[in-house]
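# got a predicted structure here, sequence first:
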Amino acid sequence: KSTYLRAGIGGFNGAALKAGDKLSIGRCSGVAEKIQSSLKKYEKNGYSESTWGANPKRLTMIQNKRTKEVRVIRGRQFDLFSEESQKQFLSSPFTITNQSDRMGYRLQGAKLNLASEQEMISEAVNFGTIQAPPDGNPIVLLADRQTTGGYPKIGQVIQVDLPIIAQAKPGEELTFSEVSLSVAQKLYIDREKYIKEIKIGIQLKFI
């Protein structure tokens, strides 16, 4: 459903929405219609409250606060950054600037600099890769990112925390904390198991 503005594809005619545009929302799935029908049974004073739900404590992407906490693993060039920059990256807040879009979030905060000047060869980047260009202000690459990049990579947002980044807005702050690859993998597996549990629960109740 998203729009890739640079290529002019997806979404609504591949363009940004403007006043007067009309969107078609399609039809609900069979399961969604059964859930709606079930909710009507509990309707009181114009709203319905289900007797079942998902545990919000298990949905780690929900953070209703101005400063979002994001977990990362070290990037391939982490050790090339100065010791001070390494510490700042994992302790200082960074603000999402207005120069941000689905390609990447530009952050402002502590300057992240290499210990010494390095010549980089472009290499693959991923959703959540955190690069530091020459000005020292990091960029978190998002869904419409390029496929390769030549800036040094100081960190990589772990899979389960990508929704936190994706739902953050300009003006909000991010803080990064380091976890190991094994911890990141375990968090991902646990989340997938939980999503599967929810899916099975819905199927047993409504299908």
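Perfect, thanks for sending it.

# and the strands in the chain?
3-4, 9-10, 43-44, 47-48, 67-74, 94-96, 104-108, 123-124, 129-131, 139-141, 148-149, 153-157, 173-178 (DSSP state E).

# what about this protein, any weak spots by pLDDT?
56-64, 207 (pLDDT under 70).

# in it, spot the helix with the most residues.
Ordering each helix of the chain by length in residues (DSSP state H) puts helix 181-206 first.

# so which bits of that one are buried?
Judged by neighbour count using 16 or more other CB atoms under 10 Å, the buried positions of helix 181-206 are Ala184, Leu187, Arg191, Ile202. Placement of C-beta: from N, CA and C, glycine included.

# quick one: list the elements packing against that helix.
Secondary-structure packing of helix 181-206 (3 or more CB pairs under 8 Å, 6 or more residues apart in numbering; DSSP states H and E): helix 30-40, strand 67-74.

# closest one to Gln167 among those?
Closest to Gln167 of the helices and strands packed on helix 181-206 is strand 67-74 (CB to CB; 8.5 Å).

# so what touches that closest one?
63, 93, 130, 154-158, 160-161, 164-165, 168, 172-181, 184, 187 (CB atoms under 8 Å, 6 or more residues apart in numbering).

# ok, now with 7 Å
By CB atoms under 7 Å, 6 or more residues apart in numbering, the list of residues contacting strand 67-74 from outside reads 63, 93, 130, 155-158, 161, 164-165, 168, 172-181, 184.

# out of those residues, which are buried?
The neighbour-count test (16+ other CB under 10 Å) marks 63, 93, 130, 155-158, 161, 164-165, 168, 172-176, 179, 184 as buried among the contacts of strand 67-74.

# and stretch 6-23, how far from the chain's centre?
Stretch 6-23 sits 22 Å away from the centroid of its parent chain (CA atoms, centre = their mean, to the nearest Å).

# now the end-to-end length of that stretch.
End-to-end distance of stretch 6-23 (CA to CA, to the nearest Å): 21 Å.

# same question, stretch 102-110
23 Å.
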